[in-house]
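[1] predicted model, plus sequence, below.
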Protein chains: 2
Amino acid sequence: MPPTAPERITSLQNPRVKQLVKLRDRRPRDEAGVFLVEGYRQIRRALEKRIALRELYFCRECFLGANEDALLAEARAAGTELVELSRHAFEKVAYRERPDGLLAVAPQWRRELADLQLGTAPFLLVVEGIEKPGNLGTILRSADAAGCDAVIVCDPVTDIFNPNVVRASTGVLFSVPLVVAESRTVAAWLRERGIRSAATTPHSEQLYTAADLRGPLALIMGSEQYGLSEFWMSRSDLKLRIPMAGQADSLNVAMATIITLFEAVRQRGGGSAR
Amino acid sequence: MPPTAPERITSLQNPRVKQLVKLRDRRPRDEAGVFLVEGYRQIRRALEKRIALRELYFCRECFLGANEDALLAEARAAGTELVELSRHAFEKVAYRERPDGLLAVAPQWRRELADLQLGTAPFLLVVEGIEKPGNLGTILRSADAAGCDAVIVCDPVTDIFNPNVVRASTGVLFSVPLVVAESRTVAAWLRERGIRSAATTPHSEQLYTAADLRGPLALIMGSEQYGLSEFWMSRSDLKLRIPMAGQADSLNVAMATIITLFEAVRQRGGGSAR
């Protein structure tokens, strides 16, 4: 329980409530330089990664677990402002169907390619034009699980700070190094560093399991609707095909990504050192 | 364009409209022995697999593409009753956020273990207690892409005819042989047929890539929240661990399933014959 009673908001006309609703859209997010983080698990991750949450809105009546008060205390100790909302007000600002009574405002950040600290054999994931926030979030989870050094989002259609990216990433957004950049810049940067690019596409004879995915590697994945652009297709050192037994469109981009990432992990000897 | 003008419904009080809304729930579905199939892609799959759709509700104003009339004609030729709805009525019966003006009623079916036609080296996926319809649908897609001979759903928490399973499966529900059965029955059946069971669990030292996944194999996956039950843990011939570099919970059950399925495909030489 926080030591002093925080502010409590009940009115849907409250300017803070209105601002929280606005932050679902990209322009107000970018103007304010912040984004929304909803839910215990995501906020827990943010605190673990020492993200300086600006505000944490909570609604006791919506709490689902027993550890929320500890989370509030931890956020307050880290300098986050706590604001209590009535159930009515919280349901207005929550974007989840079943809100768990926790919604934070976090500062946006921007990482450049030059900020990435890479070893001798970098393992990168490059995604191009992903449209669905849920897919981008799932892809971030996959990259985290596979131990990618970074995810590079080219020519984004989806804002990486979209609430549904944050949600689908289950907080991995806070831990995987993430860079947004133009395809041309990224392609030049990979070439300079001698990092091989491997594109996954149905238009290849080479099975992804038969290609050598060791050493410096960037896996390149295209968009849901259009696949990989001609730009990346013509610049990729390897073109990989995932065999498909069933319907041609059984695998979506998130599924193709995780399959290829974990084949690379296997070849690179991942997990064997545990 | 269908040759004769079909019935057109505009009232939300129409008994058919009310019945369609009811079919979102399991009990009315089971009582009527039918389920809902919404959307062009899913209905297309159903027709391709010669599912005898009973009714096809459509709303021209909601159509998104150019092939809907051909689909209607095909359904009518296959004996499906066509019913036109006003936009208002269609939006009432649609369960998608952005309905595309097509909603069919299909007959439920029931396949038993004894109905499965298996070769000398069956490749099966067994899932236990999956809770989220979206995960079950994604898992069906993965099994289809991996060329599983069948998916066996043990002790289901989620009805396989839930609209969100149908949606997330993108129609694969109609093509992958699917059996619902009790775990005890399934375990005995696998043993009788000499099919090895391989459970994926974090509580194992054996890497999934180091185990032999060739020959008759059933991959066993547990539920989102509880993982694999003690029943299956104690009965599985192999226990496989997927290495995880990032957060302990980065991989959900659908992701773990596709990773393991495609490692089995690799070992079994899948795709090389194309």
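    Arrived safely. Numbering: from 1, shown residues only, chains lettered A, B, ... in the order given.

[2] run through the residues of the stretch 1-150 of chain A sitting next to chain B.
    When proximity is defined as C-beta under 8 Å from any C-beta of the partner chain, the stretch 1-150 of chain A approaches chain B at A:45, A:138, A:141, A:142, A:144, A:145, A:146, A:147. Yep, even glycine has a C-beta here, placed from its N, CA and C like the rest.

[3] one more time with 6 Å
    Taking C-beta under 6 Å from any C-beta of the partner chain as the criterion, the neighbours of chain B within the stretch 1-150 of chain A are A:141, A:144, A:145, A:147.

[4] pretty sure the first one sits against residue A:172.
    Read that as residue A:141. Yes - Residue A:141 is within contact range of residue A:172, at 5.1 Å (criterion: C-beta atoms under 6 Å).

[5] now name the helix or strand holding the closest residue to residue A:156 other than its chain neighbours.
    Leaving aside its sequence neighbours, residue A:156 sits nearest to residue A:180 (C-beta to C-beta, 6 or more residues apart in numbering or on different chains; 5.8 Å). Per DSSP states H and E: residue A:180 is located in strand A:178-181.

[6] for residue A:174, the count of nearby residues, please.
    Each residue near residue A:174 was counted by other C-beta atoms under 10 Å in any protein chain shown, and the total is 23.

[7] quick one: pLDDT of it?
    Note for residue A:174: predicted pLDDT of 93.

[8] what's the distance between it and chain B?
    According to C-beta to the nearest C-beta, to the nearest Å, residue A:174 and chain B sit 10 Å apart.

[9] related to what we said a few turns ago, which residues does the strand holding residue A:180 contact?
    A:111, A:113, A:151, A:152, A:153, A:156 (C-beta atoms under 6 Å, 6 or more residues apart in numbering or on different chains).

[10] likewise for stretch A:224-239?
    With contacts defined as C-beta under 6 Å, 6+ apart, stretch A:224-239 is touched by A:131, A:183, A:187, A:196-199, A:201, A:204, A:211, A:220, A:222, A:253.

[11] same question for stretch A:257-264.
    Contact with stretch A:257-264 is made by A:139, A:142, A:146, A:200, A:208-209, A:213, A:219, A:221, A:242, B:255, B:259, B:262, as judged by C-beta under 6 Å, 6+ apart.

[12] restrict that stretch to CA atoms and write it as CSV.
    Output of stretch A:257-264 as CSV, limited to C-alpha atoms (Å, rounded to 0.1, in the frame of the first residue of the first chain):
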residue,chain,number,x,y,z
THR,A,257,9.8,-15.9,-38.5
ILE,A,258,9.9,-18.1,-35.4
ILE,A,259,10.6,-21.2,-37.5
THR,A,260,13.5,-19.6,-39.2
LEU,A,261,14.9,-18.0,-36.1
PHE,A,262,15.0,-21.3,-34.2
GLU,A,263,16.6,-23.1,-37.1
ALA,A,264,19.3,-20.5,-36.9
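
[13] what about that stretch, distance to the chain center?
    What separates the centre of stretch A:257-264 from the centre of its chain is 17 Å, taken as C-alpha atoms, centre = their mean, to the nearest Å.

[14] average model confidence for that stretch?
    With pLDDT averaged residue by residue, stretch A:257-264 scores 98.

[15] over to stretch A:82-101?
    Across stretch A:82-101, pLDDT averages out at 94.

[16] beyond the helix or strand that contains residue A:41, next helix or strand please.
    Per DSSP H and E, residue A:41 falls inside helix A:40-48. Downstream of helix A:40-48, the next assigned helix or strand under DSSP H and E is strand A:55-58.

[17] show me what counts as buried in the helix or strand following that next one.
    Note on strand A:55-58: by DSSP H and E, the next helix or strand toward the C-terminus is helix A:68-77. Of all the residues in helix A:68-77, those buried under the rule 16 or more other C-beta atoms under 10 Å in any protein chain shown are A:68, A:71, A:72, A:74, A:75, A:76.

[18] convert helix A:68-77 to CSV, retaining C-alpha atoms only.
    Only the C-alpha atoms of helix A:68-77 are listed here, as CSV (Å, rounded to 0.1, in the frame of the first residue of the first chain):
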residue,chain,number,x,y,z
GLU,A,68,-0.5,-5.2,-7.4
ASP,A,69,0.3,-3.2,-4.2
ALA,A,70,3.9,-4.3,-4.3
LEU,A,71,4.1,-3.2,-7.9
LEU,A,72,2.6,0.2,-7.0
ALA,A,73,5.1,0.6,-4.2
GLU,A,74,8.0,-0.3,-6.5
ALA,A,75,6.9,2.2,-9.1
ARG,A,76,6.5,4.9,-6.6
ALA,A,77,9.9,4.2,-5.2
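
[19] thinking again about what came up before, can you name the residues in contact with the following helix or strand past the strand holding residue A:180?
    Moving toward the C-terminus from strand A:178-181, the next helix or strand (DSSP H and E) is helix A:183-192. Applying C-beta under 6 Å, 6+ apart, the contact partners of helix A:183-192 are A:113, A:152, A:154, A:155, A:197, A:218, A:231, A:235.

[20] before I go, just wanted to say thanks for your time.
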